[in-house]
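Visitor: here is a sequence together with a model predicted from it:
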Amino acid sequence: AQSVTQLDSQVPVFEEAPVELRCNYSSSVSVYLFWYVQYPNQGLQLLLKYLSGSTLVKGINGFEAEFNKSQTSFHLRKPSVHISDTAEYFCAVIRSGNTGKLIFGQGTTLQVKP
Amino acid sequence: GAGVSQSPSNKVTEKGKDVELRCDPISGHTALYWYRQSLGQGLEFLIYFQGNSAPDKSGLPSDRFSAERTGGSVSTLTIQRTQQEDSAVYLCASSPGTFTDTQYFGPGTRLTVL
């Protein structure tokens, strides 16, 4: 079965420090990869997605992610975080040839401290 | 333009009652998805509509759950004989059409079953 694993449930970090949120997936077929963010009391918003091409994907708010097929990973990074980045982050996949249903990881709560 | 809207924003019901949750997708979006977000299960896919095609119901947890989409626009998710384990936030998303298109999420309906 296809699954997505977010290795850290919570990541505390100080403002202006770099951060990496880890995501691994398991699939025997090609997948498309996504990161969504959920700010407190708000809906899910797409940060970035990887469909094909360059394995380094840049998204909104200074975030980027790198697709690593050999390690089946799609880690999210930001070189310098802000208080406003405090939110829950979800990694998700869509299986190639599927109906577009997103399969989500359990989420990582990023807590940015002043 | 207007985003995905959902109503009601909150719904409290008694065990055994039926509930209806409504989703208004972004105008022109042909694909519509329902997901459920709960503490125990995280974010789960429920059902997917695409144009006039038969819906993908593979995520519905039981036959108490059903959904319809009228006129290719508004969708209603119905839960019959609600149980306490149905308590969750029900999210609707729409996308322009192809399965790798960005899904735009609504704010959700928080369902509490007493």
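Guide: On my side now, so go ahead.
Visitor: can we go C-alpha only for contacts and neighbour counts from here?
Guide: Fine.
Visitor: show me where pLDDT drops low in the chain?
Guide: Since no chain was named, I'll use chain A. A:1-2, A:98 (pLDDT under 70).
Visitor: can you look at chain B instead?
Guide: B:1.
Visitor: who in it is up against chain A?
Guide: For chain B, the residues in contact with chain A (C-alpha under 8 Å from any C-alpha of the partner chain) are B:33, B:42-45, B:48, B:56, B:98-100, B:102-108.
Visitor: so which bits of chain A are right by chain B?
Guide: Near chain B, when you scan chain A using C-alpha under 8 Å from any C-alpha, you find A:32, A:42-46, A:51, A:94, A:98-107.
Visitor: what bridges to the residue most central in space within chain B?
Guide: With distances taken as C-alpha atoms, centre = their mean, the residue of chain B nearest its centroid is B:Trp34 (3.3 Å). Beta-bridge pairing for B:Trp34 (DSSP bridges): B:Ile47, B:Cys92.
Visitor: with the one 4 residues further on instead?
Guide: In this entry, B:Ser38 is beta-bridged to B:Gly42, by DSSP bridges.
Visitor: repeat for A:Tyr89
Guide: Assigned bridge partners for A:Tyr89, using DSSP bridges, are A:Val37, A:Thr108.
Visitor: state the distance from it to chain B.
Guide: Note on A:Tyr89: its distance to chain B, by C-alpha to the nearest C-alpha, to the nearest Å, is 12 Å.
Visitor: list the contacts for that residue?
Guide: Going by C-alpha atoms under 8 Å, 6 or more residues apart in numbering or on different chains, A:Tyr89 touches A:35-38, A:107-110.
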